[in-house]
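*Asks:* sharing a sequence plus its predicted fold:
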Amino acid sequence: MSHCCETNPGAKEGSAAETARPGPREMSGILGAVVLAPGTRLASAVEFFVFDGPKVLLLLTLVVFAVPLAVAIGIPMYSNAAGIIPVVQALLGKGAALGTVLAFMMSVIGLSLPEMIILRKVLKVRLIAVFAGVVGFGILVVGYLFNMLL
């Protein structure tokens, strides 16, 4: 007799009650392991909260500090390239400038704070600062360049 039947004496072994009991636990384990889930949730939030039309263009294209702000927002996030794609797609769909979105995506992947904490175990703080400065400067250049050209 399995553990299910011990807690539910009316359930027979192999019954629907015994079979369905571990379902939600197994489903949450599978869904919790999906790598794209955080990016998908953030993309949904962007789709829901960001306004359409001229407001987005005003906020994300014409603002001089859009690229540094996008980099600053991306630094505390931790994701991989596949996990950030839904967010990028949502931002571009709402009319954000390509350079700003690219800078955001690169900062999430290349300059994330959790990544710097991991690097601290193998590199000195000064070397991490040089790395962050060079990569950050490159991200800003790419962001502004794409915003000017496109």
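*Replies:* Looks like it came in fine. Numbers count the residues shown, from 1 in each chain.
*Asks:* report the buried residues of the helix or strand encompassing residue 130.
*Replies:* Assigned by DSSP states H and E, residue 130 belongs to helix 125-149. Using 16 or more other C-beta atoms under 10 Å as the burial criterion, the residues of helix 125-149 that qualify are 128, 132, 136, 139, 140, 143, 144, 146, 147. Where you see a C-beta, it was placed from the backbone N, CA and C, and this is true even at glycine.
*Asks:* packing partners for that helix?
*Replies:* Here helix 125-149 touches helix 66-74, helix 98-110, helix 113-119, going by 3 or more C-beta pairs under 8 Å, 6 or more residues apart in numbering; DSSP states H and E.
*Asks:* ok, the residue nearest to residue 70 when sequence neighbours are not counted - contacts?
*Replies:* Closest residue in space to residue 70, ignoring its immediate chain neighbours: residue 104 at 3.9 Å, by C-beta to C-beta, 6 or more residues apart in numbering. Neighbour list for residue 104: 70, 71, 73, 74, 87, 88, 91 [criterion: C-beta atoms under 8 Å, 6 or more residues apart in numbering].
*Asks:* any regions of the protein where pLDDT drops low?
*Replies:* 1-63 (pLDDT under 70).
*Asks:* and the helices and strands packed on helix 125-149: which comes nearest residue 83?
*Replies:* Relative to residue 83, the nearest member of the helices and strands packed on helix 125-149 by C-beta to C-beta is helix 98-110, separated by 8.6 Å.
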